[in-house]
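> Need coordinates for the below:
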Amino acid sequence: MENEMTNPAVIMLINMTIVFAVLALLNLFIRLIHFIDPTKEKKAPAAAPKAAPRKAAPAKAAAPAPVVAAGVSGETVAAIAGALAAYGIGFSQIRAIRPAARNSWTGAARIDGLRNNK
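Numbers count the residues shown, from 1 in each chain. The predicted structure is shown next:
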């Protein structure tokens, strides 16, 4: 067993060379897939005729303001509207803001009962 390689630096260099060679091949394979991608949209011809300018559409009627239940502060409405706007939902899509019809203490007791199997 004289050909046995025991130098860790040489083993590390061989292994790193193999890893980076495989990564380079994967990189080339991914670029090839992007080049021949059949799902890419075809580019429209540059000389496409332009459509005539359209008349402005009539303005839509303003959406009704959401119904806010009694006891909900304006700050709460603003926070809910801001959170929904960050999520991508417009304020005109909100129909009502009201507290949930459930007792928090009852729900907490149910969860506690499910977790404690005594």
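
> mean confidence for the helix or strand hosting Asn15?
Using DSSP states H and E, Asn15 sits within helix 8-35. Helix 8-35 comes out with an average pLDDT of 95.

> Just give me how far that helix sits from the chain centre.
31 Å (C-alpha atoms, centre = their mean, to the nearest Å).

> what packs against it?
Under the contact criterion of 3 or more C-beta pairs under 8 Å, 6 or more residues apart in numbering; DSSP states H and E, helix 8-35 touches no helix or strand at all. (Each C-beta comes from the backbone N, C-alpha and C, glycine too.)

> Could you list the buried residues of it?
Within helix 8-35, no residue counts as buried by 16 or more other C-beta atoms under 10 Å.

> Could you report the distance from the most centrally placed residue in the chain to Leu13?
The centroid of the chain falls nearest to Tyr87 when counting by C-alpha atoms, centre = their mean (10.0 Å). Counting by C-beta to C-beta, to the nearest Å, the gap from Tyr87 to Leu13 is 51 Å.

> same deal with Ala70?
74 Å.

> ditto for Arg98
68 Å.

> just checking, next helix/strand downstream of the lowest-mean-pLDDT helix or strand in the chain?
When the helices and strands of the chain are scored by mean pLDDT, DSSP states H and E, strand 67-68 comes last with a mean of 69. Following strand 67-68 in sequence order, the next helix or strand is helix 74-87 (DSSP H and E).

> average pLDDT across the next helix or strand after that next one?
Per DSSP H and E, the first helix or strand lying C-terminal to helix 74-87 is strand 96-97. For strand 96-97, mean pLDDT is 76.

> helix, strand or coil for Met5?
Secondary structure for Met5, judged by DSSP: H, G, I helix; E, B strand; the rest coil, is coil.
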